[in-house]
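Colleague: predicted model, plus sequence, below.
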Amino acid sequence: MPTGRSSTLQEPAEIRTYKGQDRALRADRLGTAGLLLSVLAASAPLMVVAGVMPTTFGVMGIVGQPLLFVILGAVLALFSVGYAEMSRHVHNAGAFYAYIARGLGPTAGAAASLVALVAYSAMQVGVFGILGFEISGLFATYLDIELAWWIPALLAVAVTGGLGWLKIDLNAKVLGVLLLIECVLVVVFDIAALSKPAAEGLSLHAFNPETLGGAGFGTALCFCIAAFVGFEQSPVYAEETSKPHIVVSRVMFLAVGFVALFFAVSAWALTVATGPSEVVKTSAEAGPTLLFQLTESRLGTTFTDVLHVLFVTGMFAAMLSFHNVVARYAFAMGREGLLPATFGRTNAGTGAPATGSLLQTGVAALVVIAFALTDDKPAGDPTTPVLHLFTWMGSVGALGVTLLMAAASFAVIAFFVRRGTAGAQVWRLVAAGTAGLALLAIAVYTVKDFGVLVGAEKGSALSWALPGVIGAAVVIGLVYGAVLRRSRPETHARIGLGNEAFRLDQAAEDTPGA
């Protein structure tokens with residue numbers, strides 16, 4: 001089948017990608033529902049409503065956050081048009097880097113693989129910080145026990161690593177239950193807030209474009225796009241889905257639409273509950289406790305206590321979702337020679353990428369331990385776990401994923417141009433190009449305002465050192481790709497091709513008329 005590369009890289013004798021069943025993820029493990037729940041879990045709805053939204057209102061002063069989610073939803077829907085079409089032609093657990101390799105070349109794919117590994121790892125590790133802090137807070141509040149944040153964080157690392165070894169359909173069930181419960185609780189709050197508004201009533205002021213003005217707009221844009229992270233992960237599971245050429249693209253559009261609508265309504269409910277003219281002030285004063293204060297006054301103490309507990313389980317679901325993605329990227333990289341071959345093998349019993357899971361578990365444990373050893377604050381102080389570990393790592397990860405989406409948009413264009421089918425795909429390519437430019441602009445804003453994102457003082461080295469992590473991944477990946485091209489041309493030629501057992505034409509044979 002065409003690969004979208006130049007003819008010099010298409011010698012059949014040089015590109016042998018099928019390496020046996022132990023180098024293949026198990027097919028037909030996920031359907032539409034299982035895949036949708038798996039990717040939506042990464043968006044952590046309750047964490048976004050309780051954490052991201054009050055921060056965007058209070059710190060950045062953007063009243064129009066509901067409109068911001070609508071705008072970002074539109075941009076990411078445009079991105080999904082080309083990305084979804086690409087998913088019908090390329091099935092690879094290394095989704096982003098595979099697409100970029102097939103469109104922009106194997107060297108670019110090598111760089112993208114390292115960026116993806118770093119970005120998703122950073123996002124997952126960051127969540128361990130806020131999870132540990134919240135659990136230690138629950139122990140202090142309900143059991144009167146003082147518990148250092150890093151103890152539950154390390155326990156969560158171990159549990160997540162254990163689940164990563166299990167079957168993906170079992171993981172999907174765990175994620176699905178946790179996700180559905182937290183979504184129901186947020187919807188209950190939304191209904192309560194809209195049925196009992198503040199003095200300004202059911203105001204739609206937050207959807208007025210004028211509410212997006214102000215110096216904090218760029219920062220809010222960067223902060224809110226992280227809330228969407230997860231929908232783009234569906235191609236990672238293509239090899240494990242039934243009818244991947246249909247299911248993957250369907251899930252992407254469902255996920256983008258759900259996240260945009262769900263978060264826009266929830267952000268609007270917060271403005272209605274406090275009043276649009278008071279939401280910035282109230283959010284600045286309450287911070288992450290805003291949601292819990294509003295639920296206690298409307299729904300009572302018991303509901304609020306349950307919400308606190310589900311806040312923790314929702315974060316755990318997000319961690320497990322990110323863990324599964326990182327493990328599959330490591331697996332894909334090991335299978336294609338970008339990492340040692342041992343990472344490209346699956347667990348004989350469960351079909352899970354066990355070695356990749358072990359790698360992510362080890363990295364997470366080391367990072368949590370490093371932050372714990374440098375934490376000189378008393379128990380209950382959020383500086384290290386939340387303001388540093390969570391905020392720093394989350395911002396680094398969001399920047400990396402935004403750049404990957406931009407690069408993938410341009411890779412889609414190059415892929416179909418090289419195949420000679422650009423004319424037939426012209427409207428999809430226009431959508432991809434538009435989304436790519438918009439995502440590049442968001443990435444520029446992110447780098448420009450990185451100091452604000454991580455709460456660094458003016459002139460702080462963090463403003464360039466943290467985004468420099470992604471920059472270093474790009475450079476190292478490009479150099480590595482160039483070295484592979486010269487020293488191991490067969491490995492270089494295989495980048496992005498994955499396992500031929502999961503080619504589109506084979507999947508299509510199982511679905512007559514698809």
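Modeller: Perfect, thanks for sending it.

Colleague: tell me which helix or strand comes right after the helix or strand harbouring Met333.
Modeller: For Met333, the element it lies in under DSSP states H and E is helix 301-335. On the C-terminal side of helix 301-335, the nearest following helix or strand under DSSP H and E is helix 354-373.

Colleague: can you list the weak-confidence ranges in the chain?
Modeller: Along the chain, the parts satisfying pLDDT under 70 run over 1-30, 166-172, 214-215, 348-351, 499-514.

Colleague: ok, the closest residue to Phe303 other than its chain neighbours - how many residues close by?
Modeller: Leaving aside its chain neighbours, Phe303 sits nearest to Thr295 (5.8 Å; criterion: C-beta to C-beta, 6 or more residues apart in numbering). The way it works is simple: take the backbone N, C-alpha and C, and place the C-beta from them, glycine included. Neighbours of Thr295 under the rule other C-beta atoms under 10 Å: 25.

Colleague: Thr295 reaches Asp305, doesn't it?
Modeller: No - taking contacts as C-beta atoms under 8 Å, Thr295 lies outside contact range of Asp305: 9.9 Å.

Colleague: for the residue nearest to Trp392 when sequence neighbours are not counted, phi and psi?
Modeller: Closest residue to Trp392 apart from its sequence neighbours, by C-beta to C-beta, 6+ apart: Val454 at 5.4 Å. Per-residue torsions, Val454: phi -100, psi 10 (degrees, to the nearest 10).

Colleague: OK, contacts around Val454?
Modeller: Contact analysis of Val454 by C-beta atoms under 8 Å, 6 or more residues apart in numbering lists 391-392, 395, 462-463, 466.

Colleague: including neighbour count and secondary structure, could these go into CSV?
Modeller: Formatted as CSV, the contacts of Val454 follow (neighbours: other C-beta atoms under 10 Å; DSSP: H, G, I helix; E, B strand; the rest coil):
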residue, neighbour count, secondary structure
Thr391, 21, helix
Trp392, 24, helix
Ser395, 26, helix
Leu462, 19, helix
Ser463, 20, helix
Leu466, 23, helix
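
Colleague: most widely separated two among the residues you listed?
Modeller: Thr391 and Ser463 (13.2 Å; C-beta to C-beta).

Colleague: quick check, central residue of this structure?
Modeller: Nearest to the mean C-alpha position of the chain, counting by C-alpha atoms, centre = their mean, stands Val229 at 3.2 Å.

Colleague: surely it and Val401 touch.
Modeller: Yes - counting by C-beta under 8 Å, Val401 is a contact partner of Val229 at 5.5 Å.

Colleague: shared neighbours, those two?
Modeller: Taking C-beta under 8 Å, 6+ apart as the criterion, Val229 and Val401 both touch Met123.

Colleague: and the angle from whichever strand or helix holds Val186 to helix 301-335?
Modeller: Per DSSP H and E, Val186 falls inside helix 168-195. Using axes from the mean of the first three to the mean of the last three C-alpha atoms, to 10 degrees, one finds that helix 168-195 and helix 301-335 are set 140 degrees apart in direction.

Colleague: moving C-terminal of helix 168-195, what's the next helix or strand?
Modeller: Per DSSP H and E, the first helix or strand lying C-terminal to helix 168-195 is helix 217-225.

Colleague: and that next one, what does it pack against?
Modeller: Helix 217-225 makes packing contacts with helix 53-58, helix 65-87, helix 391-419, helix 426-448, helix 450-453 when contacts are defined by 3 or more C-beta pairs under 8 Å, 6 or more residues apart in numbering; DSSP states H and E.

Colleague: make a markdown table from these and add distance to Trp165 to it.
Modeller: Formatted as a markdown table, these follow (distance: least, C-beta to C-beta, whole Å):
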| stretch | distance to Trp165 |
| --- | --- |
| helix 53-58 | 35 |
| helix 65-87 | 27 |
| helix 391-419 | 23 |
| helix 426-448 | 34 |
| helix 450-453 | 34 |
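
Colleague: to Ala199, which of those helices lies closest?
Modeller: Closest among the helices and strands packed on helix 217-225, using C-beta to C-beta: helix 53-58, at 17.6 Å.

Colleague: list the contacts for Pro382?
Modeller: So Pro382 contacts Phe133 (C-beta under 8 Å, 6+ apart).

Colleague: quick check: Val70 touching Ala260?
Modeller: Yes - counting by C-beta under 8 Å, Val70 touches Ala260, with 6.2 Å between them.

Colleague: who's more crowded, these two?
Modeller: Taking other C-beta under 10 Å, Val70 and Ala260 do not tie; Ala260 has more neighbours (22 against 15).

Colleague: and that one, how close does it get to Cys224?
Modeller: Look at Ala260 and Cys224: by C-beta to C-beta, to the nearest Å, they are 10 Å apart.

Colleague: what's the overlap in contacts for these two?
Modeller: Common neighbours of Ala260 and Cys224 (C-beta under 8 Å, 6+ apart) are 69, 72.

Colleague: which of the contacts of Val454 sits closest to Val157?
Modeller: Taking C-beta to C-beta as the measure, Val157 sits nearest to Trp392 out of the contacts of Val454, at 17.6 Å.

Colleague: quick one, what contacts the closest residue in space to Gly380 that isn't next to it in sequence?
Modeller: Nearest-residue entry for Gly380: Ala140, 6.4 Å, with adjacent residues in sequence omitted and distances by C-beta to C-beta, 6+ apart. By C-beta under 8 Å, 6+ apart, the contact set of Ala140 is 146-147, 379-380.

Colleague: would you list those in JSON lines and tack on neighbour count, distance to Gly344 and secondary structure?
Modeller: Formatted as JSON lines, the contacts of Ala140 follow (neighbours: other C-beta atoms under 10 Å; distance: C-beta to C-beta, whole Å; DSSP: H, G, I helix; E, B strand; the rest coil):
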{"residue": "Glu146", "neighbour count": "11", "distance to Gly344": "45", "secondary structure": "coil"}
{"residue": "Leu147", "neighbour count": "17", "distance to Gly344": "39", "secondary structure": "coil"}
{"residue": "Ala379", "neighbour count": "14", "distance to Gly344": "42", "secondary structure": "coil"}
{"residue": "Gly380", "neighbour count": "13", "distance to Gly344": "44", "secondary structure": "coil"}
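
Colleague: number of nearby residues for Val248?
Modeller: By the criterion of other C-beta under 10 Å, Val248 has 26 neighbours.

Colleague: ok, now which ones touch it?
Modeller: 35, 84, 87-88, 234-235, 237-238, 241.

Colleague: of the residues you listed, which is the nearest to Val159?
Modeller: Nearest to Val159 among these is Tyr237, at 21.4 Å by C-beta to C-beta.

Colleague: what values do phi and psi take at the closest one?
Modeller: On the backbone of Tyr237 - angles per degrees, to the nearest 10 - the values are phi -100, psi 10.

Colleague: measure it to Thr107 for me?
Modeller: Where Thr107 is concerned, Tyr237 sits at a distance of 26 Å (C-beta to C-beta).

Colleague: more neighbours, these two?
Modeller: The neighbour comparison of Tyr237 against Thr107 (other C-beta under 10 Å) goes to Tyr237, with 27 against 21.

Colleague: so that one makes contact with Leu35?
Modeller: Yes - if you go by C-beta under 8 Å, Tyr237 and Leu35 touch, sitting 5.7 Å apart.

Colleague: for Gly496, which non-adjacent residue is spatially closest?
Modeller: Gly496 sits nearest to Ala101 (C-beta to C-beta, 6+ apart), 2.9 Å away.

Colleague: do Thr282 as well
Modeller: Using C-beta to C-beta, 6+ apart, the closest residue to Thr282 is Thr274 (4.5 Å).

Colleague: and the one you found, what does it touch?
Modeller: By C-beta under 8 Å, 6+ apart, the contact set of Thr274 is 198, 282-283, 290, 294.
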